[in-house]
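Participant: Let me see the structure of the following:
(chains A and B)
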Amino acid sequence: MGGFTKENVLAAKRGYTYRITRRQFLVATSAAALAACAPAAVTPGASGSPAATPGKALKIGQLLPFTGVYAELGNSMRRATELYLKQNDQKIANRPVTIVYEDDTNVTATGIQKTQKFIDQDQVDVMLGVVPTPLAYGIRNAVHAAKLIFIDTNAGGNALTRDTPDCKPACKSPYIFRSSFSSYQISYPIGDYLSAKGTKEFFLAYANYGFGTESAADFTTGLKKNGGSVTGNVAPPLGNADFAPFVTQIKNQPTKNVYSFFSGADAIGFIKTWNQLGLPAAGYKMYGAGFLTEQDVLKEVKDLANGAITSLFWAVELDNAENKKFVADFQKQYPLLPDVFAVQAYDGMTALGEALKKIGGDTSDKDKLVKALEDVSFKSPRGDFTFDKTTHNPIQDIYLREVKTQGGQTVNTILDKIAKVTDPGK
Amino acid sequence: MSPELLFQQALNGLSFGALLFILAAGLSLVFGMMDVINLAHGAFYMLGAYVALTVVQRTGSFWLALVAAPSALGLLGLVLEPLLLRRLRGRHLDQVLLTIGVALVVVDQIGLVWGREVRSLPFPPGLDASIAIFGSVYPVYRLFVIAFGVVLAAAISVVYRRTKLGMLIRAGVQDAEMLGALGVDIDRLFAITFAVGAALAGLAGVIAAPVFGMQPGMDSDGLLYSLIVVVVGGLGTLGGAVAGSVLVGPIDTFGKVLFQDFALALIFAIVALVLLLKPTGLLGRVRIAR
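Facilitator: Modelled structure (predicted):
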């Protein structure tokens, strides 16, 4: 695009090319060279982590997917980050904020390289982001070793905030916090809740990958606590295109209550096929982890999802002052409703902001910042937000929601709340 | 597996197979004529689905989209062949590499124009219902997909065998150079072939959109499945595309349900087996190295 500046086009029309003379080139390059030397001269012996005093730029690395299947999640989290900064005059604790965004391209190896770039080259003060659990597990050791404070704003794999034998597949670190959820939190409570209310038998349908199987297992544990049981399962591969074979299997077994774990395109395919094959008429009822019926899915399937009961720590309809302000501000900034991923990123930034305000914006002492984050407590759009001091996973309320179409809009209506759900990690 | 369940899953497999046929036919046609594996085929499939989305949003007509999207893709093919592929004629590997480039550009443009959220196309009115067969309800749309696949295969077969264009394509597949020496405008024939291939990919995109939805990454899924079909069935022949899709559709369906932990491995195991026993595919013709 740079080639089509006005000068260039004009020059081309006149029949000559726009050239840089040797003298202009020399002037430009030596100026650039001088500029490159300048910072080194100001901070002699640039030591990797120059003492950060308030007023100095705060550098935050955000590792998100901007291409591939999860691109829209990355976009949403970026929007929320920028909304937070706009609300706070682009400053946190009186330090101007620079965000370095990197695209993990939905490839774990690329994400790990970009994390290393944050550590070695960008020398960011704090890191946020990460959508897929395998990537979060993949960067855990590098982040821990570099003592880089990392706030996970999506990946929900349980192990990231737990003490696990031999740290496999990952384990908690003092430097890792999570502003989203653990898969336990969105799966166990609903199993426990439903079986306690008398719905005890379930058939499972979940995407056959780490997070789907983990969610199904946690749901089963919750169910069994009150004498519930699982009668069978189907597990399509992640990103499965055709759901008819699996829904056909569901339809040919007798258990009417089906708990499912799907998100995005999989959720749309599952819900559409569920209706096409006539499961609602045959008496089957859909339950699931909240991502099954989030806005990205509901805006495509609309009333086809009516009656589905899911659990999540937030819903756009949630009735509290912070959520109303968040939704209104978000809509003022962008022509769309915020989604749960936006809330996760927004809370990640808020938690960081609150912690830094308490310690005067000082990021040089990592342990002090860890302590400040552990003590953070604020009102989030999802309700009260605090980190569990043992695991650094959020302690949060889980909402039971039912999909309903009201006044032409299909929404998650809140049925009930399970207060202060804490991940059982030690 | 009860007989009813078996029957329902067979229908699922066949309708998936019918879709795979529509998708793979274009890839196979282009390869047969031009000796080029068009790795942009998946991107064309994706573009077809998104064009259909816009047409349906603007006009509300699925049937218009079913004509408009393949036409748009055909035009794109008609432009791309002379503009890019023709310049590398005879350098097959370079051409394949070029199609990867085309795929990347097309997919990125789709992201810019339509965004990267997951989307879905509503079922066309009249085909959105389900009807009772053998004591169970089955979606009309999936039956429509089976019928559409059969009709398309028959139509392609008639064009192949009974029309002048079909004759030229068959001759071109045998020996394009000789055909040129006989006075046939090979440039035009290649451009038309590539355009028809792209149009078929677009058509598959429209047909698939109501069932599978649209999202980033659907291009590589589409490409992968069409490659599996043509490798199993045999590249470059209509019979090969039919045989491949009729096999791969049901195997994929039953495999995913019966061996769900090996769902993806199973289909590749079949591919490996076919390649071991019959490297040209089930109905592939023996190629003379040129």
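Participant: contact partners of stretch A:350-361?
Facilitator: Residues from elsewhere that reach stretch A:350-361 (CB atoms under 8 Å, 6 or more residues apart in numbering or on different chains): A:52, A:54, A:58, A:60, A:84, A:88, A:92-95, A:126, A:128, A:151, A:177, A:179, A:362-363, A:368-369, A:372-373, A:375-378, A:380, A:385, A:387. C-betas here are computed from N, CA, C, even on glycine.
Participant: Please, which helix or strand holds residue 187?
Facilitator: In the absence of a named chain, chain A is used. Here residue A:187 sits within helix A:183-196, counting by DSSP states H and E.
Participant: that's the other chain; I wanted chain B
Facilitator: With elements delineated by DSSP H and E, residue B:187 resides in helix B:186-212, which encompasses its position.
Participant: model confidence over the helix or strand following that helix, on average?
Facilitator: The C-terminal neighbour of helix B:186-212 among helices and strands, as given by DSSP H and E, is helix B:218-233. Taken as a whole, helix B:218-233 has a mean pLDDT of 93.
Participant: which strands and helices sit next to helix B:218-233?
Facilitator: Contact partners of helix B:218-233 among helices and strands, from 3 or more CB pairs under 8 Å, 6 or more residues apart in numbering or on different chains; DSSP states H and E: helix B:3-34, helix B:41-59, helix B:92-114, helix B:186-212, helix B:238-258, helix B:263-277.
Participant: mind putting the ones you listed in JSON lines, mean neighbour count and distance to chain A included?
Facilitator: Formatted as JSON lines, the helices and strands packed on helix B:218-233 follow (neighbours: other CB atoms under 10 Å in any protein chain shown; distance: least, CB to the nearest CB, whole Å):
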{"stretch": "helix B:3-34", "mean neighbour count": "24", "distance to chain A": "4"}
{"stretch": "helix B:41-59", "mean neighbour count": "24", "distance to chain A": "11"}
{"stretch": "helix B:92-114", "mean neighbour count": "16", "distance to chain A": "7"}
{"stretch": "helix B:186-212", "mean neighbour count": "25", "distance to chain A": "5"}
{"stretch": "helix B:238-258", "mean neighbour count": "23", "distance to chain A": "5"}
{"stretch": "helix B:263-277", "mean neighbour count": "14", "distance to chain A": "5"}
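Participant: returning to what we had before: what are the contacting residues of the following helix or strand past the helix holding residue A:187?
Facilitator: From helix A:183-196 onward toward the C-terminus, using DSSP H and E, the following helix or strand is strand A:201-206. Residues outside strand A:201-206 that contact it (CB under 8 Å, 6+ apart): A:194, A:212-213, A:215-216, A:219-220, A:223, A:228-236, A:246, A:250, A:253, A:255, A:257-262, A:270, A:287.
Participant: Now a ChimeraX select for only the buried ones of the contacts of stretch A:350-361.
Facilitator: In ChimeraX, this line selects whichever of the contacts of stretch A:350-361 come out buried by 16 or more other CB atoms under 10 Å in any protein chain shown:
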select /A:52,58,60,84,92,93,95,126,128,151,177,179,362,363,369,372,373,376,380,385,387
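Participant: Show me what the helix holding residue A:187 is in contact with.
Facilitator: Under the contact criterion CB under 8 Å, 6+ apart, helix A:183-196 has outside partners A:156-158, A:202, A:211, A:214-216, A:218-228, A:257, A:259, A:261, A:287, A:289-291, A:309-313, A:393, A:396, A:398, A:400, A:416, A:418, A:421, A:423-424.
Participant: before we move on, the earlier item: save the helices and strands packed on helix B:218-233 as CSV, and put in mean pLDDT too.
Facilitator: Putting the helices and strands packed on helix B:218-233 into CSV (pLDDT from 0 to 100) gives the following:
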stretch, mean pLDDT
helix B:3-34, 94
helix B:41-59, 97
helix B:92-114, 95
helix B:186-212, 95
helix B:238-258, 92
helix B:263-277, 87
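Participant: wait, what's in contact with the spatially most central residue of chain A?
Facilitator: Within chain A, one residue has its C-alpha closest to the average C-alpha position: by CA atoms, centre = their mean, that is residue A:154, at 2.5 Å. Residue A:154 makes contact with A:73, A:77, A:129-131, A:180, A:341, A:344-345, according to CB under 8 Å, 6+ apart.
Participant: Next: residue A:72.
Facilitator: For residue A:72, the contact set (CB under 8 Å, 6+ apart) comprises A:296, B:115-118.
Participant: Just the buried ones from these, in ChimeraX syntax?
Facilitator: A single ChimeraX command is used to select the members of these judged buried by 16+ other CB under 10 Å:
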select /A:296 /B:116,117,118
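Participant: ok so, going back, now the helix holding residue B:187, how far from the centre of its chain.
Facilitator: In this view, helix B:186-212 has its centroid 8 Å away from the chain centroid, taken as CA atoms, centre = their mean, to the nearest Å.
Participant: Next, the angle from it to helix B:3-34.
Facilitator: Counting by axes from the mean of the first three to the mean of the last three CA atoms, to 10 degrees, helix B:186-212 points 160 degrees away from the direction of helix B:3-34.
Participant: Can you name every helix or strand that helix B:186-212 contacts?
Facilitator: For helix B:186-212, the elements it packs on are helix A:264-276, helix B:3-34, helix B:41-59, helix B:62-83, helix B:140-162, helix B:164-181, helix B:218-233, judged by 3+ CB pairs under 8 Å, 6+ apart.
Participant: do you know which of those helices lies nearest residue B:124?
Facilitator: Taking CB to CB as the criterion, residue B:124 comes closest to helix B:62-83 out of the helices and strands packed on helix B:186-212, the separation being 3.5 Å.
Participant: That closest one near chain A at all?
Facilitator: No: in this structure, helix B:62-83 remains apart from chain A according to CB under 8 Å from any CB of the partner chain; the gap is never smaller than 14.9 Å.
Participant: Return the set of buried residues in that helix.
Facilitator: Of the residues in helix B:62-83, those buried by neighbour count under the rule 16+ other CB under 10 Å are B:62, B:65-66, B:68-70, B:72-74, B:76-78, B:80-81.
Participant: Name the nearest residue to residue 235, ignoring sequence neighbours.
Facilitator: Reading this off chain A. In space, and not counting its chain neighbours, residue A:235 is closest to residue A:208: 3.8 Å by CB to CB, 6 or more residues apart in numbering or on different chains.
Participant: not quite, I wanted chain B
Facilitator: In space, residue B:235 is closest to residue B:31, 5.1 Å off (CB to CB, 6+ apart).
Participant: so what's residue B:108 up against?
Facilitator: The contact partners of residue B:108, by CB under 8 Å, 6+ apart, come to none.
Participant: swap that for residue A:56, sorry
Facilitator: Shown here is residue A:56, whose contacts under the criterion CB under 8 Å, 6+ apart are residue A:95.
Participant: now the residue of the stretch 1-150 of chain A found nearest chain B: how far from residue A:77?
Facilitator: Closest approach of the stretch 1-150 of chain A to chain B (CB to the nearest CB) occurs at residue A:71, with a separation of 3.8 Å. Here the distance between residue A:71 and residue A:77 works out to 11 Å (CB to CB, to the nearest Å).
Participant: and what of residue A:84?
Facilitator: For residue A:84, the distance to residue A:77 (CB to CB) stands at 11 Å.
Participant: now swap in residue B:42 and tell me
Facilitator: On the measure of CB to CB, residue B:42 and residue A:77 end up 28 Å apart.
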